[in-house]
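Visitor: quick one: sequence and predicted model below, then my questions.
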Amino acid sequence: MASTDVLLFVYDLSKGLAKQLSLPLIGKQLDGIWHTSIVIFNREYFFGGGGIESCRPCGTILGKPEKTIRLGETQVTYAILLEYLHELGEEKYTGEKYNLFQHNCNTFSNEVASFLTGSKIPDYVSTLPQEVMDTPIGAMLKSIMDSMTANPIAKPGANASENAAINGISKGQKEASGSSKEEEGRGKASEDGKDTGGENAEESGENIEDVLMERLRKEKMLERSRLVLFEESNPVACVEAIKTNLPKGLLSDGEITELENLVPCLLASEDDIYKPSITPAGFLVLGRLLCTVDLPHELLLPLVDLLQLVFLDPEIIKEQKENDDHAIMTFVFLLQTYSLDVQVSIFRLLCNACSTRKGSLWLKAEQQWVCPVDGQPTSNMQLMISLIVSSLLSTVLDLIIASATLVYNMTRHNISEDFVVEVSSALIQCLTIELTEEATFRCLQALFGLMPYGEVGSLMMVMGVDTARYGTMSERTAEICKKIEDAMQASPVD
C-alpha cells in the first residue's frame, strides 16, 4: 500500500514579537506564539474559529510557516482522511468549540497527527498555552483571551467545497444561511489523469466539488477493494427461508411486507441512480427477529446472512453508530451459543460493517453500556476484543479465519493500543499451531495490519514468529511475509 508524507507547518502568530517581549511582559521567555496545521495530499488542514478548514500549502494569510516538521508517513487514503475530518468537524472540532487555551489549532494538529502517523506534535508547541496560563499575567488574561480566536483565514480561492464537506455543511446550506459566497475553486487533473487534490483550483474550468466527489467515490471503491467483504448471500433465498421458518404470529403482515421490500434494495446495483433505500422499518424487522429467543437454526442462519448484506449500506451503519440501541451487539454477545456456521456469519456481518469508517468506529466504540444478558457493563470495543481473542484461540479453523479477517478489516481505520496488544498476542499464538494456508494468510494479514499501531514487530520477535516458515506456503503468504519483514527492519521515523 502506498505511503504519503505527513508534514506539520508551524507558524509564529507573533511574528517574532513573543521572543522579544514575552520575558518583560509575562516573566517567561517564549520563542513564539505557535499555530500549527497538518499538510498531506498537497493540502493544508487547520482548526480555528471557523471549524476545520483547508487550503493549498501556505495558502492562508499567515504566509510561509516558521518551521516545517516531517511527522512521518501514513497509509491512510485521501477518502478516509476526508471522512475522518468530517467526523471531527461534526462533533469535536466545530467553530463554537474553539478555545484559545484548551481546544485550539494545536489540539487538532496533535490528534490528526496521531491518527495518521502515531506520532504527536512537538511538546514545545502543545504545552505553550499551559506555560502562559501558569504565569501570573497569563492567569489574569485567561478570561479575556478565552473569547479570542486565532483563525488563519485562507486566501480567496481556497477549497470552499472541501471545507464545507468537512464541516458537514453543503454548498446549498452555506448559500441559504447568508454566508458570503467565496468563489469556488477549480480543480484539474494532473497529466497522468489523476486528480491533484485541488492544488490547481484556480487554473481549470472543472468544478472542484465535482472533482472531489468523483475522487472520493473512486477512493471509497479502492478502499472497499482492500477490505475483505462478504456480498455473496442471496437476499431472495434468505427472505424466503425466513418466511418459511417463521414461527406463526411472530411478525405482522405489514412487517413481512417490510421484510420482502428489502430484496429489491439489496439486489440493486450501487451505480443505479434509482436504487431504493433500505428503510428503518425494514431494518427494525430484522432487529426484532434478532431479539427473539430460541429462533430455529433454519431461520437464524438466513437472518444473519441477510444482515451481512444490509450492513454494507452506509445509512444503516450510520444509524447504528448514532443511536443507543444495542440490540445487534447484544446478539453478537451471545455468539458462542450459536452453531459454527452462524458464528462465522456473524463475523462476516461485522467485517461488512467495516466497509465505512462510521461502521469501524461503531465496532470500536468505548462508551460503556449494560449488557442485558449478564447485567454487566461492557463496550463495543471490549466485546470485539473478547470475541476475537476467544475465537482465535479456539483452534477451530473457520473461526480463526473469520476473526482474523475481522481484525484485518478493523485495522483499516485507527485502533486502540489495548486492542493491538491483546489481539496481536492471540494471532501470534494461532501461528504456533498447524494451520491451513487460508488461516495462515489471514493471521499474517491481520498482524501486518496491526503493525502501524503498536509494537507488533517486537512482540513477533520475542515470541519467535518465523516468517520464513510461512512464506513457502503460497505466493500470497510469501508476499505478506515480505511486507512484515520489511516493516520489522524499517527504522523508526523521527
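Guide: That came through fine.

Visitor: surely Leu303 touches Asn245?
Guide: No: Leu303 sits out of contact with Asn245 when judged by Cβ atoms under 8 Å, with a separation of 9.4 Å. Placement of C-beta: from N, CA and C, glycine included.

Visitor: with neighbour numbers in mind, choose between the two.
Guide: Neighbours of Leu303 and Asn245, each counted by other Cβ atoms under 10 Å, are more numerous for Leu303; the result is 24 against 16.

Visitor: what is the burial count for Phe46?
Guide: Using other Cβ under 10 Å, the number of residues around Phe46 comes to 27.

Visitor: that one - that's part of a helix, no?
Guide: No: counting by DSSP: H, G, I helix; E, B strand; the rest coil, Phe46 is not part of a helix but strand.

Visitor: residues touching the closest residue to it other than its chain neighbours, list them.
Guide: Closest residue to Phe46 apart from its sequence neighbours, by Cβ to Cβ, 6 or more residues apart in numbering: Ser37 at 3.7 Å. Neighbouring residues of Ser37 by Cβ atoms under 8 Å, 6 or more residues apart in numbering: 8-9, 11, 44-46, 60, 65, 105, 109, 152.

Visitor: who does the helix or strand harbouring Ser37 pair up with?
Guide: Per DSSP states H and E, Ser37 falls inside strand 34-40. Looking at strand 34-40 with DSSP bridges, its partner strands are strand 4-12 (antiparallel), strand 43-48 (antiparallel).

Visitor: of these, flag the one that's most buried.
Guide: Counting by mean count of other Cβ atoms under 10 Å, strand 43-48 has the highest mean neighbour count of those, with a mean of 25.

Visitor: could I have that one exported to PDB, CA atoms only?
Guide: C-alpha atoms of strand 43-48 as PDB (Å, rounded to 0.1, in the frame of the first residue of the first chain):
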ATOM      1  CA  ARG A  43      -3.500  20.300   1.200                       C
ATOM      2  CA  GLU A  44      -3.100  22.200   4.500                       C
ATOM      3  CA  TYR A  45      -5.700  21.400   7.200                       C
ATOM      4  CA  PHE A  46      -6.100  23.600  10.300                       C
ATOM      5  CA  PHE A  47      -8.700  24.400  13.100                       C
ATOM      6  CA  GLY A  48      -9.900  27.800  14.200                       C
END
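
Visitor: ok now that strand, how far from the chain's centre?
Guide: Relative to its chain's centre, strand 43-48 lies at 19 Å (Cα atoms, centre = their mean, to the nearest Å).

Visitor: closest to Met463 among the contacts of Ser37?
Guide: Of all the contacts of Ser37, Met463 sits closest to Leu8, with 35.2 Å by Cβ to Cβ.

Visitor: how about the helices in the stretch 351-494 of the chain?
Guide: With DSSP state H, counting those that start in this stretch, the ranges of helices along the stretch 351-494 of the chain come out as 357-363, 380-392, 397-410, 417-430, 437-450, 456-462, 467-471, 475-489.

Visitor: now those as CSV including mean pLDDT?
Guide: Output for the helices of the stretch 351-494 of the chain, formatted as CSV (pLDDT from 0 to 100):
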stretch, mean pLDDT
helix 357-363, 87
helix 380-392, 96
helix 397-410, 96
helix 417-430, 92
helix 437-450, 94
helix 456-462, 83
helix 467-471, 86
helix 475-489, 89
